[in-house]
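Asks: sharing a model prediction with you, sequence too.
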Amino acid sequence: MTMEVRYARRFQKQLAKLQKHEKIAVADTIVAFGKNPFDPKLKNHALKGTMKGKRSLSAGFDLRIIFEEHDGYTVVIMVAVGTHQKVY
């Protein structure tokens with residue numbers, strides 16, 4: 001199965017504002033996600049409430065990646081990245 005990963009403009013803008021070590025953590029997380037979306041280290045889980053329909057990954061510490069999954073993980077859209085407080 002091939003996964004196509006797309007990046008929303010909001011994600012790209014938020015990523016650009018992160019510190020270098022945070023950008024590296026996000027990149028490493030996305031690589032690991034591409035290999036196995038359900039690796040327990042990623043803490044992949046569905047969101048509720050106003051974020052229903054989206055999912056979250058942990059990129060370490062307080063860093064989260066919010067994404068939308070389509071067609072059984074054939075297309076994934078990264079929609080937001082940042083600290084827990086900023087993305088929720």
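Replies: Arrived safely. Predicted, not measured: the structure shown is a model, and the values here were computed from it.
Asks: so which residues of the protein form helices?
Replies: For the chain, the helices defined by DSSP state H cover 9-16, 20-35, 84-87.
Asks: and of the ones you listed, who's closest to residue 42?
Replies: For residue 42, the closest of these is helix 20-35, at 5.9 Å, according to C-beta to C-beta. Glycine gets a C-beta too; all of them are placed from N, C-alpha and C.
Asks: quick one: the closest one to helix 9-16, angle?
Replies: On the basis of axes from the mean of the first three to the mean of the last three C-alpha atoms, to 10 degrees, helix 20-35 is oriented at 130 degrees to helix 9-16.
Asks: what about helix 20-35, average pLDDT?
Replies: Mean per-residue pLDDT for helix 20-35: 96.
Asks: which strands or helices does it pack on?
Replies: strand 55-58, strand 63-70, strand 75-83 (3 or more C-beta pairs under 8 Å, 6 or more residues apart in numbering; DSSP states H and E).
Asks: show me the contact partners of it.
Replies: Helix 20-35 has contacts (C-beta atoms under 8 Å, 6 or more residues apart in numbering) with 3, 5, 15, 18, 39, 41-42, 44, 57-61, 63, 65, 76, 78, 81.
Asks: before we move on, the earlier item: and the helices and strands packed on helix 20-35 as CSV, adding mean pLDDT, mean neighbour count and distance to residue 22?
Replies: Output for the helices and strands packed on helix 20-35, formatted as CSV (pLDDT from 0 to 100; neighbours: other C-beta atoms under 10 Å; distance: least, C-beta to C-beta, whole Å):
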stretch, mean pLDDT, mean neighbour count, distance to residue 22
strand 55-58, 97, 19, 13
strand 63-70, 97, 20, 6
strand 75-83, 97, 20, 9
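Asks: now render the ones you listed as JSON lines, adding distance to residue 11.
Replies: JSON lines is the format used below for the helices and strands packed on helix 20-35 (distance: least, C-beta to C-beta, whole Å):
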{"stretch": "strand 55-58", "distance to residue 11": "12"}
{"stretch": "strand 63-70", "distance to residue 11": "8"}
{"stretch": "strand 75-83", "distance to residue 11": "5"}
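Asks: sounds good, over and out.
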